[in-house]
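A.B. asks: Quick one: sequence plus predicted model below, questions after.
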Amino acid sequence: PAPCDPVLSKSGNNDKLLKNSTATLYDISGNPVKSKTPFDGKMNVEKVKAGLYILVVTTNGVKNSFRIIIN
C-alpha cells in the first residue's frame, strides 16, 4: 500500500459548524484514543497504531460516527 497522510480530514457542508465540534477517536473496544476540541476537520493520527477505529464528531449534542481504518 502507498503511504498516506497521517491526518484525518473531514469536511462538511458548513465548515463553521464543524469548527464548533468535538471529535473523539475510539478503538474497537470503545476506549478513547485521541480527542480534539474544537474539531476543525483535521486530526493528526501519526502516532496511533494501525487498526479499526470509530471517530465520533459531536456538534450541538448531535453525534455522528465514522469507521476509520488506520494502516
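C.D. replies: Good, I have the coordinates. Residues are numbered from 1 along each chain as shown.

A.B. asks: can you give me the helices for the protein?
C.D. replies: Secondary structure of the chain, counting by DSSP state H: helices at 15-18.

A.B. asks: any weak-confidence spans in it?
C.D. replies: Scanning the chain for pLDDT under 70 picks out the ranges 1-19.

A.B. asks: can you do 50?
C.D. replies: 1-4 (pLDDT under 50).

A.B. asks: What spatial separation is found between S21 and R67?
C.D. replies: In this view, S21 and R67 are 18 Å apart by CB to CB, to the nearest Å. Where C-beta positions appear, they are placed from N, C-alpha and C, glycine not excepted.

A.B. asks: Next: V45.
C.D. replies: Distance of V45 to R67, given as CB to CB: 14 Å.

A.B. asks: Tell me if I'm right that P32 and T24 touch.
C.D. replies: Yes. P32 lies in contact with T24 (CB atoms under 8 Å); the separation is 5.4 Å.

A.B. asks: Looking at the two, which is more packed in?
C.D. replies: T24 (19 against 10; other CB atoms under 10 Å).

A.B. asks: residues touching the residue nearest to that one when sequence neighbours are not counted, list them.
C.D. replies: Closest residue to T24 apart from its sequence neighbours, by CB to CB, 6 or more residues apart in numbering: S35 at 4.5 Å. S35 sits next to T22, A23, T24, L25 when contact means CB atoms under 8 Å, 6 or more residues apart in numbering.

A.B. asks: Inside strands: which ones of the residues you listed?
C.D. replies: T22, A23, T24, L25 (DSSP state E).

A.B. asks: ok, what's across the strand from the first one?
C.D. replies: Residues found in beta-bridge contact with T22 (criterion: DSSP bridges) are T58.

A.B. asks: check contacts around it.
C.D. replies: Neighbours of T22 in contact, by CB under 8 Å, 6+ apart: S35, K36, T37, P38, F39, V57, T58, T59.

A.B. asks: Filter those down to the buried ones and express that as a PyMOL selection.
C.D. replies: In PyMOL, this line selects whichever of the contacts of T22 come out buried by 16 or more other CB atoms under 10 Å:
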select buried, resi 36+39+57+58+59
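
A.B. asks: Distance check, the residue nearest the centre of the chain against I28.
C.D. replies: With distances taken as CA atoms, centre = their mean, L55 lies nearest the centre of the chain, 4.3 Å away. To I28, L55 is 12 Å away according to CB to CB.

A.B. asks: Fine, thanks again, bye for now.
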